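[1] Sequence plus the predicted model coming up.
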Amino acid sequence: MRFSVYQISRRGGREKNEDRMGYCYTRSSGLFALADGMGGHPEGEVASQLSLQILASMFQRDARPQLKDPRRFLNEAILAGHHQLIRYATERALLDTPRTTIVACVLQGREAYWAHCGDSRLYLVRNGKLMARTRDHSYSELQDALGGQSALLERVNRNVLFTCLGSPGKPVVDTVGPLLLQPGDRFMLCSDGLWGSIDDETITAVLANASISESTPDLVEQALRIAGERSDNVTVISVEWESAEDEDSPAGVETDTLAADSFASTIQAGSGVGNAEDLLDDAEIERSIREINEAIRRSAQKRS
């Protein structure tokens with residue numbers, strides 16, 4: 001398995017960054033995920049971090065070295081994150097539960113699968129065209145799906161979400177896949193801080209016409225500039241499947257040489273869930289991953 005990945009998160013005009021993102025992989029499977037802690041509820045950064053930690057821990061448990069059923073995994077792991085948030089609030093006697101949106105993608109074999117809850121989005125661009133985009137769990141997108149025929153939706157805030165992790169009811173989780181991958185396919189997972197400022201046509205054009213290491217930060221800077229002082233947190237993780245530049249790219253990951261039980265992750269597993277940096281340094285993350293991979297390779301060589 002071979003892919004390139006680039007991730008970045010900016011605080012924008014908010015007091016703190018409640019977005020989280022990351023990826024993990026084994027020899028035969030990769031998981032990429034992003035969560036956006038919801039304002040108006042307590043500890044949004046905790047909600048997003050816990051949801052990703054649950055995803056990563058279940059991926060490490062089940063991907064040995066690949067998932068038996070990626071769609072089922074995504075659904076169960078996202079719901080497990082929801083239940084963890086409920087337990088977190090109950091144990092601390094919180095009056096309200098931390099809440100978050102989430103979007104996650106699995107690349108395995110030559111297939112892609114993804115799932116989401118809320119309005120964090122996934123975009124798939126192939127050969128310069130937008131092939132797929134998740135549909136937000138918002139009244140705005142529901143109104144569009146109904147063709148503007150519902151009078152009820154006209155009486156509510158059309159941008160309000162009707163589901164998320166940490167909500168009182170069971171979350172709605174939409175899953176897609178398998179989709180057959182083609183070399184050069186580009187996936188972008190992002191929070192609403194990005195797509196709320198930039199339309200789909202611009203996102204597609206920018207993502208298609210430059211490497212992900214150039215297009216991803218370009219999109220983030222555009223979103224911050226357009227939104228100005230009131231900008232939301234802007235977080236993006238982009239992945240290119242089997243790109244021609246992988247071997248020369250510092251963001252390239254090659255997994256075929258990994259041992260069957262190897263696992264690498266950029267998703268923090270510690271307890272410091274409330275200490276987000278203004279800018280998550282992608283170079284530092286990639287350097288850590290390269291060090292992990294090198295240690296894995298040395299270990300594999302010793303065993304052989």
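    Sure, I can see it.

[2] what's the closest non-adjacent residue to Arg10?
    Spatial nearest neighbour of Arg10, chain neighbours left out: Val234 (4.8 Å); criterion: Cβ to Cβ, 6 or more residues apart in numbering. C-betas here are computed from N, CA, C, even on glycine.

[3] residue contacts, the one you found?
    Neighbour list for Val234: 9-10, 12, 19, 190-191, 193-194, 220, 223-224 [criterion: Cβ atoms under 8 Å, 6 or more residues apart in numbering].

[4] Over to Asp256?
    Contact analysis of Asp256 by Cβ under 8 Å, 6+ apart lists 1-2, 27.

[5] So which of the contacts of Val234 is the closest to Met131?
    Within the contacts of Val234, the smallest distance to Met131 is 16.0 Å, found for Cys190 (Cβ to Cβ).

[6] For the closest one, name its beta-bridge partners.
    With DSSP bridges as the criterion, Cys190 is bridged to Arg121, Val236.

[7] Check the burial of it by counting its neighbours.
    Neighbour count of Cys190, defined by other Cβ atoms under 10 Å: 28.

[8] any idea how far Cys105 is from it?
    12 Å (Cβ to Cβ, to the nearest Å).

[9] Show me the helices in the protein, by range?
    44-62, 70-91, 139-145, 151-154, 192-195, 200-208, 212-227, 282-303 (DSSP state H).

[10] Model confidence at Ser150, what's the number?
    For Ser150, the pLDDT comes out at 51.

[11] ok, back up a step: the contacts of Val234 into TSV, with extra columns for pLDDT and distance to Thr100?
    Formatted as TSV, the contacts of Val234 follow (pLDDT from 0 to 100; distance: Cβ to Cβ, whole Å):
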residue	pLDDT	distance to Thr100
Ser9	92	14
Arg10	90	18
Gly12	84	17
Asp19	92	9
Cys190	97	15
Ser191	95	10
Gly193	92	14
Leu194	95	16
Val220	95	20
Ala223	95	20
Leu224	95	21
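
[12] so who does Cys117 touch?
    Listed by Cβ under 8 Å, 6+ apart, the contact set of Cys117 reads 78, 82, 101-103, 137, 163-165, 171-174.

[13] actually Asp218, not the one I wrote
    206, 210.

[14] That one and Val234, how far apart?
    12 Å.

[15] One more: Trp241?
    For Trp241, the distance to Val234 equals 24 Å [Cβ to Cβ].

[16] Leu189 contacts Cys105, correct?
    Yes - the pair Leu189 / Cys105 is scored as a contact, 6.5 Å apart, by Cβ atoms under 8 Å.

[17] Determine the residues that are contacts of both of those two.
    With Cβ under 8 Å, 6+ apart, Leu189 and Cys105 have common neighbours 32-33, 122.

[18] For those, pick the one with the most neighbours.
    Neighbour tally across these (other Cβ under 10 Å): the maximum, 31 neighbours, falls on Ala33.

[19] Tell me the confidence at that residue?
    pLDDT for Ala33: 97.

[20] Tell me, how many residues neighbour the closest residue to it other than its chain neighbours?
    Spatial nearest neighbour of Ala33, excluding adjacent residues (Cβ to Cβ, 6+ apart): Ala104 at 4.0 Å. Residues lying near Ala104 (other Cβ under 10 Å) number 29.
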